[in-house]
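>>> below: sequence and its predicted model.
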Amino acid sequence: MAKSLVCLTLATFLAVTAASAQSPTTAPLPTGDRASAGVDLATFLTRNRTRMMRADTDHDGRVSRAEWSAWWEAHPGKGPYDPAGRFRAIDADADGFLTAVEIDAVSTKRFVRLDADHDRRVVRAERPCRTK
C-alpha cells in the first residue's frame, strides 16, 4: 500500500511538473474575456489546494478530519454534499489527514475528467452545473 502511494504521488508530481513545463502546442489564448479562456492544470491545482487548505486551522500543512468537519459545518451549502465521504475519497493513505499531494492527485484526476476537448484547459462550458 505504501509503495503504491509513493508511486502514485511521484507519478502525479511528474505529470504536474511535465504539464506545467511544456510549451503550448495550441493557438495562443484569446485576449478578450479571460473567463472564456479557462484555466490550465497548474492554476486548477493551485485554486483547489488553496480552497481546501483553508480548513487547516492549526497551519501545520495538512487538514485533519476534525478540521475538515468543523470547516464544512461552519460553511453549510458551500462544499461537498457528503463532507465525510469526500474526506475519505481524498485521504489516499487513510491516515486521517489531507495533504497537498493528496489534494493535487484528486484535483488532477478531476481536471482530466473535466477537460472534454483535451486542450489542457478547462473552460466554463466544460464544468458541470451544481444543481443540488
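All right, it came through fine. Residues are numbered from 1 along each chain as shown.
>>> how about V123: what's its closest non-neighbour residue?
G38 (3.6 Å; CB to CB, 6 or more residues apart in numbering). C-betas here are computed from N, CA, C, even on glycine.
>>> so that neighbour is in contact with R127, correct?
No. Applying CB atoms under 8 Å, one finds G38 not in contact with R127, separated by 9.1 Å.
>>> between these two, which one's more packed in?
A side-by-side neighbour count of G38 and R127, using other CB atoms under 10 Å, places G38 first with 20 against 11.
>>> quick revisit: could you check how far the residue nearest to V123 is from R110?
Relative to R110, G38 is positioned 14 Å away (CB to CB, to the nearest Å).
>>> just A100 next, same as before
15 Å.
>>> now swap in N48 and tell me
N48 is 8 Å from R110, by CB to CB.
>>> and what of D119?
Counting by CB to CB, the gap from D119 to R110 is 16 Å.
>>> circling back: which of N48 and R110 has more neighbours?
Using other CB under 10 Å as the criterion, N48 and R110 rank with N48 on top: 17 against 14.
>>> verify the stated contact: the more buried one with T108.
No. Applying CB under 8 Å as the test, N48 and T108 come out as separate, 9.5 Å apart.
>>> mind listing what's buried in the host helix or strand of L45?
Using DSSP states H and E, L45 falls within helix 41-53. Neighbour-count burial for helix 41-53 flags L41, F44, L45, N48, R49, M52, M53 (criterion: 16 or more other CB atoms under 10 Å).
>>> same question, stretch 98-107
Buried, per 16+ other CB under 10 Å, within stretch 98-107: L98, T99, A100, V101, E102, I103, D104, A105, V106, S107.
>>> again, but for stretch 70-80
Under 16+ other CB under 10 Å, the buried positions of stretch 70-80 are W71, W72.
>>> helices of the protein, residue ranges please.
2-21, 34-37, 41-53, 65-74, 83-90, 100-114 (DSSP state H).
>>> where among those is average confidence lowest?
Among the helices of the chain, helix 2-21 has the lowest mean pLDDT, at a mean of 51.
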